[in-house]
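[1] After the sequence you'll find the predicted model.
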Amino acid sequence: MLNQFREHIAINFPELLENHFLLACSGGIDSVVLCHLCALNKMDFTIAHCNFQLRGSESDMDAFFVEDLARKLGKKIYIKDFDTANYINDNKVSLQMAARELRYGWFEELMTSHKIKILVTAHQADDNLETFIINLSRGTGIKGLTGIPAKTAKISRPLLLFSRSQIEQYAEIKNIRWREDQTNEETRYLRNKIRYGVIPGLKELHPGFLNNFETTLANLQGSEALLKNYIAELKDRLFEQQGDVIKISVASLLKFNPIKTYMYQLFNEYGFKEWNDVVGLLNATSGKEVHSGTHRLIKDREYILLQALYHSIIERFVIDAVSGTIREPVQMKIEEVNEMGETSNKILYVDKETLNHKLSIRKWEKGDYFYPFGMRGKKKVSKFYKDEKMDLISKERQWLLCSGDNIIWVIGRRGDDRFKVTPQTKSILKFSITE
């Protein structure tokens, strides 16, 4: 196994021979064997061990064991004690999720503080099969059936080539000691149910089941790569980037069949889960939204808009002075001038004496109206937005300059006729957008 491991590393993980890396070791057979293999291959690594403090003295004995292993191998070690029980209670997550979040969060901290670029974990072939079955049982797309990736930008898993039986055989031949975690045999956990209740039966059906599974996995990974390339090309064609908003033509999307599959492939990376609602947007009325934890999709006439979620904490910004520079929410210079000069969408001149109330900048509110400069009578701001053909996100972003409750300027678009400069004006204020 050592020779096979050396060849595997040289061909598929040469970066591990050239760089110092962090190796996660629980004390179990897989990670202990991986430590021995890496050490025998003269690789440069530091060991990291998580003590989740869930098994009393057994957890502490695991930590002592890994610390002793690091000493024997001549490797530096980091050990972290976690208050896992309180983390579960505070964050309302499962034990498995808590352990995952805690360990990978700590690994990231270690790698950042010590400038380590690669984390190596001891996932092996049977872990891959278990993950495949778990995802299959929960319902997944092709990506969920491609198994655990052997390599990502920061994580390498060189043991995926080897089965649990190969690792056990190597440990026995080399007389390698490890720690047994008794919870790994408790069938109340889904992974353990699959490990002890499902996989032995599958292997009994065919002696080469695991090898055949690896072939199937490779085929699925190839198919997933082709699909990924196709979807990337499709996004290049369909997704129109405008600032931090992506516009997608509804008519273009409706041409695809099966539409739900296409919508899943186009938008699943943004965290959406309710796919019936996502598909329903295509025929929904304008203004309908669907949210994920990080993004939202909005139906806006003939388009679907995709935008990362943001939250506005302050809705109104009060301007304390009628001269000077303001920096939020719009960078603007306010100054008193003797006469009007150049005009543009970024400049507004007003009669200072018409400003009878404190100035503020705020967003549109239902019922707002103003008297657009150059037009007769008043107009609802919502109707003005519609006539300007502003999409929903542009409407949300639009700021209004106000004197009390009266709108002076739909900033960057149209001033209010009530505040215009006339021949009778004695004092002129100039508002200039400077960003």
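    In hand now; what should we look at?
[2] Spit out the contact partners of residue 23.
    Taking CB atoms under 8 Å, 6 or more residues apart in numbering, we find residue 23 in contact with 31, 34-35, 38, 45-48, 119-120. Bear in mind the C-beta positions are built from the backbone N, C-alpha and C, glycine included.
[3] The same query, at a cut-off of 10 Å, please.
    16, 31, 34-35, 38-39, 43, 45-49, 70, 75, 77, 118-122, 156 (CB atoms under 10 Å, 6 or more residues apart in numbering).
[4] Make sure I have this right: it is in a helix.
    No. Assigned with DSSP: H, G, I helix; E, B strand; the rest coil, residue 23 falls outside any helix and is strand.
[5] Is the residue nearest to residue 32 when sequence neighbours are not counted in a helix, a strand, or coil?
    Sequence neighbours aside, residue 178 is the residue nearest to residue 32 in space, at 4.3 Å (criterion: CB to CB, 6 or more residues apart in numbering). Under three-state DSSP, residue 178 falls in the coil class.
[6] how deep is residue 178 tucked in, by neighbour count?
    When neighbours are counted by other CB atoms under 10 Å, residue 178 registers 23.
[7] Residue 166 too?
    Residue 166: 18 neighbours (other CB under 10 Å).
[8] just checking, the residue nearest to residue 32 touches residue 68?
    No. Using CB atoms under 10 Å as the test, residue 178 is too far from residue 68 to be in contact (11.9 Å).
[9] quick one: common contacting residues for these two?
    Joint contacts of residue 178 and residue 68 (CB under 10 Å, 6+ apart) are residue 27.
[10] where in the stretch 151-300 of the chain is pLDDT low?
    183-188 (pLDDT under 70).
[11] mind redoing it with 90?
    For the stretch 151-300 of the chain, the stretches with pLDDT under 90 are 180-214, 217-218, 221, 242-245, 268-269, 271, 273, 286-287, 293-294.
[12] Do you have the helices of it handy? List them.
    With DSSP state H, counting those that start in this stretch as the criterion, the stretch 151-300 of the chain has helices at 164-173, 190-193, 199-205, 209-238, 250-253, 259-267, 275-280.
[13] Let's have those helices in JSON lines, adding distance to residue 53.
    Supplementary listing: those in JSON lines, determined by distance: least, CB to CB, whole Å:
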{"stretch": "helix 164-173", "distance to residue 53": "26"}
{"stretch": "helix 190-193", "distance to residue 53": "21"}
{"stretch": "helix 199-205", "distance to residue 53": "30"}
{"stretch": "helix 209-238", "distance to residue 53": "35"}
{"stretch": "helix 250-253", "distance to residue 53": "50"}
{"stretch": "helix 259-267", "distance to residue 53": "40"}
{"stretch": "helix 275-280", "distance to residue 53": "40"}
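[14] quick one: which of those helices is nearest residue 371?
    For residue 371, the closest of the helices of the stretch 151-300 of the chain is helix 250-253, at 35.7 Å, according to CB to CB.
[15] Would you mind extracting the C-alpha trace of the closest one into CSV?
    Provided in CSV are the C-alpha atoms of helix 250-253 (Å, rounded to 0.1, in the frame of the first residue of the first chain):
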residue,chain,number,x,y,z
VAL,A,250,-38.3,35.0,-19.2
ALA,A,251,-39.0,34.2,-22.9
SER,A,252,-35.6,32.6,-23.2
LEU,A,253,-36.1,30.5,-20.1
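[16] before we move on, back to that, out of the helices of the stretch 151-300 of the chain, nearest to residue 329?
    Taking CB to CB, helix 259-267 is the member of the helices of the stretch 151-300 of the chain nearest to residue 329, at 29.8 Å.
[17] Could you check the angle that closest one makes with helix 209-238?
    80 degrees (axes from the mean of the first three to the mean of the last three CA atoms, to 10 degrees).
[18] Show me what helix 259-267 is packed against.
    When contacts are defined as 3 or more CB pairs under 10 Å, 6 or more residues apart in numbering; DSSP states H and E, helix 259-267 packs onto helix 209-238, helix 250-253, helix 275-280, strand 295-300, strand 303-308.
[19] Which residues does it contact?
    Contact with helix 259-267 is made by 141-143, 227-228, 230-231, 234-235, 238-239, 248, 253, 255-256, 258, 272, 275-276, 278-279, 281-282, 290, 292, 295, 297, 304, 306, as judged by CB under 10 Å, 6+ apart.
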